[in-house]
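[1] pasted the sequence and its predicted model underneath.
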Amino acid sequence: MSGPLLIPSDMTDEVRKAAELAARHAAAADRARRLPGEVVDALVAAGFMRHFVPVRWGGRAGGFAELLDGVSAVGEGCTSAAWTAAVTAGAARMGVFLPEEGQGELWSAGADTVVVGALNPTGRATPVGGGWRLTGQWPVVSGVDFADWTLVCAQTPPWEGRAARFFAVPRHDYRVADTWFNVGMRATASNTLVADEVFVPEHRSVAREDILHGRAVGSVARCHTAALRTVSGTLFAAPALGAARAAVRAWSARMSGRPAGHAQGVLARAEGEIEGAALLLRRVATAADAGSGGADEPTRAPRDCALAAGQLVDAVERLFRSAGSGAQSEDDPLQRLWRDVHCVAGHVALRFDTAGGAHGDRLLAGAAELREHDVHIREKG
């Protein structure tokens, strides 16, 4: 069968090794609810943690399309490993918005420092002399068990405007509660981070608005100045792209040798949906790398990523249902991939009801402006 290989030929040796190792451990990692240390080490060696780190701190300041390829390749072996690669790369990218002193502290041990992110402002931060006092619990922090640093989001008090800020917190300043018992993406170990009256100096804090709008400190690289909502969807959807491609292979292996019937149509449609999703994600990634896309990109990019995620779910769902009850066995890879893809697509950034609605509002506003322009031209004429 034509189509994407497990490990694309243009992958680096390190990414290839990480993908192959993750594939060998995928089933066991799913049962253990965490990635083995050797897989995490392989992801670090493959360069995912340093991908967006500024060059001056030893990183690569890499591109979004390149990361899409690497993450989806790992995702063909293990969705949880790919998710870990994507979110650690994305969290490290947020470090470039810290003041220079904070960046220096974050990457003092090198660009391969493992950084994760707690994105929801579920904690509270109170200003104190020289910085902030941070308290709270942040559930669903992927990779928190093995992270060196975490960037957590918290609300400031009313007299500070109740603004959301991010705070860089080293591992020794928080604890982890084992709370991740999920239907899919089990090996991400997306547990709960708990901080109690932790002091965070001012230079390790940044307003969330600065991250959302790409106000990087000390860098003009496109990977740092892109607005968050134009790029985050590719990071979150890339693991599902790899998983869907793996589902095609798992389904094909199961159906091999069976009498011809509707199977060909199932396979053809699923592969077409997956390749369509890949094209949408690549459009978003290449636009981010080029700084193109126009004024509509802040809403178009999330729309495209959510649409792609929906297509991936539809493709895997079609494969899973047509494979019969045998594919529902605990030891069948297709059921794990089915669980994982549904879990990825449930992320708020990939839900079409929100992402698509925002773009629809923009399209309607543009249509209204065009009508007003036409009326003005006719009246003037």
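    That came through, no problem.

[2] and the lowest mean pLDDT element among the helices and strands of the protein?
    When the helices and strands of the chain are scored by mean pLDDT, DSSP states H and E, helix 352-380 comes last with a mean of 66.

[3] okay, the host helix or strand of Cys223 in PDB with CA atoms only?
    Here Cys223 is covered by helix 222-225, with elements defined by DSSP states H and E. Listed next in PDB are the C-alpha coordinates belonging to helix 222-225 (Å, rounded to 0.1, in the frame of the first residue of the first chain):
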ATOM      1  CA  ARG A 222       9.700  33.800  13.600                       C
ATOM      2  CA  CYS A 223       9.200  30.700  15.800                       C
ATOM      3  CA  HIS A 224       9.200  33.100  18.800                       C
ATOM      4  CA  THR A 225       7.200  36.100  17.500                       C
END
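
[4] show me the helices in this structure, by range?
    For the chain, the helices defined by DSSP state H cover 13-32, 37-45, 64-75, 79-94, 100-106, 208-212, 222-225, 232-255, 263-290, 297-322, 333-345, 352-380.

[5] now, of these, which is deepest in the fold?
    Highest mean neighbour count of the helices of the chain: helix 79-94, a mean of 29 (counted as mean count of other CB atoms under 10 Å). Backbone N, C-alpha and C define where each C-beta goes, glycine included.

[6] give the other helices and strands that that helix contacts.
    helix 13-32, helix 37-45, helix 64-75, strand 115-128, strand 149-155, helix 232-255, helix 333-345 (3 or more CB pairs under 8 Å, 6 or more residues apart in numbering; DSSP states H and E).

[7] what sits closest to Trp107 if chain neighbours are left out?
    Once flanking residues are discounted, Trp107 sits nearest to Trp57: 4.3 Å by CB to CB, 6 or more residues apart in numbering.

[8] now swap in Ser322 and tell me
    Val266 (4.8 Å).

[9] measure the one you found to Asp332 for me?
    Look at Val266 and Asp332: by CB to CB, to the nearest Å, they are 17 Å apart.

[10] re the thing from before, tell me which of the helices of the chain sits nearest to Val114.
    Nearest of these to Val114, taken as CB to CB: helix 79-94 at 5.9 Å.

[11] just to revisit the earlier point, export the helices and strands packed on helix 79-94 to CSV and append columns for distance to Gly214 and mean pLDDT.
    Listed next are these as CSV, based on distance: least, CB to CB, whole Å; pLDDT from 0 to 100:
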stretch, distance to Gly214, mean pLDDT
helix 13-32, 26, 96
helix 37-45, 26, 97
helix 64-75, 13, 97
strand 115-128, 16, 95
strand 149-155, 16, 97
helix 232-255, 12, 95
helix 333-345, 25, 97
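
[12] tell me which of those sits nearest to Ala81.
    Among the helices and strands packed on helix 79-94, the nearest to Ala81 by CB to CB is helix 13-32 (3.7 Å).

[13] helices or strands up against that closest one?
    Counting contacts by 3+ CB pairs under 8 Å, 6+ apart, helix 13-32 packs against helix 37-45, helix 64-75, helix 79-94, helix 333-345.

[14] reformat these as TSV; add distance to Ala189.
    Shown next, in TSV, are the helices and strands packed on helix 13-32 (distance: least, CB to CB, whole Å):
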stretch	distance to Ala189
helix 37-45	10
helix 64-75	16
helix 79-94	8
helix 333-345	14
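
[15] nearest to Arg16, of those?
    Among the helices and strands packed on helix 13-32, helix 64-75 sits nearest to Arg16 (CB to CB), with 7.7 Å.

[16] quick one: the closest one to helix 13-32, angle?
    50 degrees (axes from the mean of the first three to the mean of the last three CA atoms, to 10 degrees).

[17] chain center to helix 64-75: distance?
    In terms of CA atoms, centre = their mean, to the nearest Å, the centre of helix 64-75 is found 11 Å from the chain centre.

[18] quick one: the helices and strands packed on helix 79-94 as TSV, columns for distance to Ala86 too.
    What follows is the helices and strands packed on helix 79-94, written out as TSV (distance: least, CB to CB, whole Å):
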stretch	distance to Ala86
helix 13-32	13
helix 37-45	10
helix 64-75	5
strand 115-128	11
strand 149-155	15
helix 232-255	4
helix 333-345	10
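
[19] who touches the residue positioned nearest the centre of the chain in this structure?
    Residue closest to the mean C-alpha point of the chain, counted by CA atoms, centre = their mean, is Phe236 at 2.7 Å. Residues in contact with Phe236 (CB atoms under 8 Å, 6 or more residues apart in numbering) are Ala86, Val87, Cys305, Ala309, Val344, His347, Ala349, Leu350.
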